[in-house]
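Enquirer: quick one: sequence plus predicted model below, questions after.
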Amino acid sequence: MKKHVALIVGLVLHGLLGVAYAHAVAGMRVFPGTLTFADPGVTDEFDLGFAHSALAGTPGNPAPYGSTTSWAWSKTITQQLAISVASGYQTVNQSGAPSGFGNLNLGLDYGLVKNGHYETLVTAALNESLGDTGAAGVGSTYSVFQPTLLFGQGLGVLPRSLRDLRPLAISGMIAANIPSSALVDKSVNWGLSVQYSLPYLQTYVRDVGLKAPFNNIVPLVEFPMQTFTSGPYAGQTLGTINPGFVWIGRYGQIGLEATLPINHASGHGLGVILGIGWYLDDIFPHNLGTPLFLNRAHYL
């Protein structure tokens, strides 16, 4: 068993190692893929996620503890437009609780702003979780439509007197959850990440002598939240605080985060998330990772 685990880890690292590049880029700023919500880039990417933490719940029904394996594939149609498909398998650590695949999720992303000088990215997305496409008791019988806005903002334009803060960046998202059933409460998903890029520090601010693999690490904290906007729990928020890091390689990234519930309704105990992403536009730059239609357009 240990040999098999070591082999898998070795293959993953072999596929990711190299000089740090990525595709969610604005000027000199690289925005790594966050583990609890999408990054603000329009990308060709395949992601795997492994989580052992509190699962989705409501204020009146605290989140149970369990494990989730998720996957997502994003494919560019043009340089500003991409489609995506995602799903996951859930196991609940509770006697008699159902396990199985969740609903299938489809998405459409469109890049609105890409400003290299100010290190700004803004992307609009339309996502939908398709009802009755998951296992009974795991996937819902209703669909959920999610108009979404994603953004990233670097601080590289700060003056020289504040140069050590230039590696800082934030990224975030806000999405309205609109269920197809009138019996289901509406809510808003929102998230924020605060990042400090060591590759940016070493390359564009000052060389502090970091060597591999530490020179490719981006420490960050994520704040994924859900606030109910209708029903008996309107105004109440569920969520976690997730400190961790993302290591960026030539062809992908590996991220690791702890999850700390913000209240009892959000779950209990310490959780962990592992995320692995492959940059298909860097791995297959002449075929699978290329937009279907190359319009050579620049964002606003």
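Expert: That came through, no problem.
Enquirer: need the phi and psi values for F101.
Expert: The phi and psi values for F101, taken as degrees, to the nearest 10, are phi -80, psi 140.
Enquirer: who's in contact with S87?
Expert: S70, W71, F101, G102, N103, L104, N105, G134 (CB atoms under 8 Å, 6 or more residues apart in numbering). From N, CA and C alone the C-beta is placed, and that goes for glycine too.
Enquirer: closest to D185 among the residues you listed?
Expert: Nearest to D185 among those: N103, at 17.3 Å, using CB to CB.
Enquirer: contacting residues around that closest one?
Expert: Contacts of N103 by CB under 8 Å, 6+ apart are S87, S129, L130, G131, D132, T133, G134, G139, S140, S143.
Enquirer: which one of these is nearest W278?
Expert: The nearest one, if we look at the contacts of N103 relative to W278 and count by CB to CB, is S87, at 17.2 Å.
Enquirer: bridging residues for that closest one?
Expert: With beta bridges defined as DSSP bridges, S87 has these partners: W71.
Enquirer: re the thing from before, okay, the contacts of S87 in TSV with distance to T227 and pLDDT next?
Expert: Below are these laid out as TSV (distance: CB to CB, whole Å; pLDDT from 0 to 100):
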residue	distance to T227	pLDDT
S70	22	96
W71	27	97
F101	27	94
G102	21	93
N103	21	96
L104	25	97
N105	20	98
G134	24	92
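Enquirer: using the three-state scheme, assign G231.
Expert: Reducing the assignment at G231 to three states with DSSP: H, G, I helix; E, B strand; the rest coil gives coil.
Enquirer: circling back to that earlier point, now the buried members of the contacts of S87.
Expert: S70, G102, N103, L104, N105, G134 (16 or more other CB atoms under 10 Å).
Enquirer: thought D44 was touching I77?
Expert: No: contact between D44 and I77 fails when scored by CB atoms under 8 Å: they sit 10.4 Å apart.
Enquirer: shared neighbours, the two?
Expert: P291.
Enquirer: helix/strand/coil for Q253?
Expert: Going by three-state DSSP: Q253 is strand.
Enquirer: quick check: which element contains the nearest residue to it once chain neighbours are set aside?
Expert: Of all residues not flanking Q253 in the chain, G277 sits nearest, at 4.9 Å (CB to CB, 6 or more residues apart in numbering). Take DSSP states H and E as the rule and G277 turns out to sit in strand 271-279.
Enquirer: and that strand, what does it pack onto?
Expert: Helices and strands touching strand 271-279, as assessed by 3 or more CB pairs under 8 Å, 6 or more residues apart in numbering; DSSP states H and E, comprise helix 2-16, strand 45-54, strand 237-248, strand 252-261.
Enquirer: if I take the third one and strand 45-54, what angle do their directions form?
Expert: So that's strand 237-248. Between strand 237-248 and strand 45-54, the angle comes out at 130 degrees (axes from the mean of the first three to the mean of the last three CA atoms, to 10 degrees).
Enquirer: which strands or helices does strand 237-248 pack on?
Expert: Against strand 237-248 (3+ CB pairs under 8 Å, 6+ apart) you get strand 217-228, strand 252-261, strand 271-279.
Enquirer: list the strands paired with it, with their directions.
Expert: According to DSSP bridges, strand 237-248 has these partners: strand 217-228 (antiparallel), strand 252-261 (antiparallel).
Enquirer: and the angle from that strand to strand 271-279?
Expert: Going by the same axes, to 10 degrees, strand 237-248 makes 50 degrees with strand 271-279.
Enquirer: turn the buried ones among the contacts of S87 into TSV, columns for distance to F245 and secondary structure.
Expert: Shown next, in TSV, are those (distance: CB to CB, whole Å; DSSP: H, G, I helix; E, B strand; the rest coil):
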residue	distance to F245	secondary structure
S70	20	strand
G102	27	coil
N103	30	coil
L104	31	coil
N105	26	strand
G134	31	coil
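Enquirer: return the member of those residues nearest to F50.
Expert: S70 (8.0 Å).
Enquirer: surely the closest one and G88 touch.
Expert: Yes: with contact defined as CB under 8 Å, S70 counts as touching G88 (3.5 Å).
Enquirer: ok, back up a step: and D44 and I77? Which one has more around it.
Expert: Between D44 and I77, counted using other CB atoms under 10 Å, the more crowded position is D44 (23 against 16).
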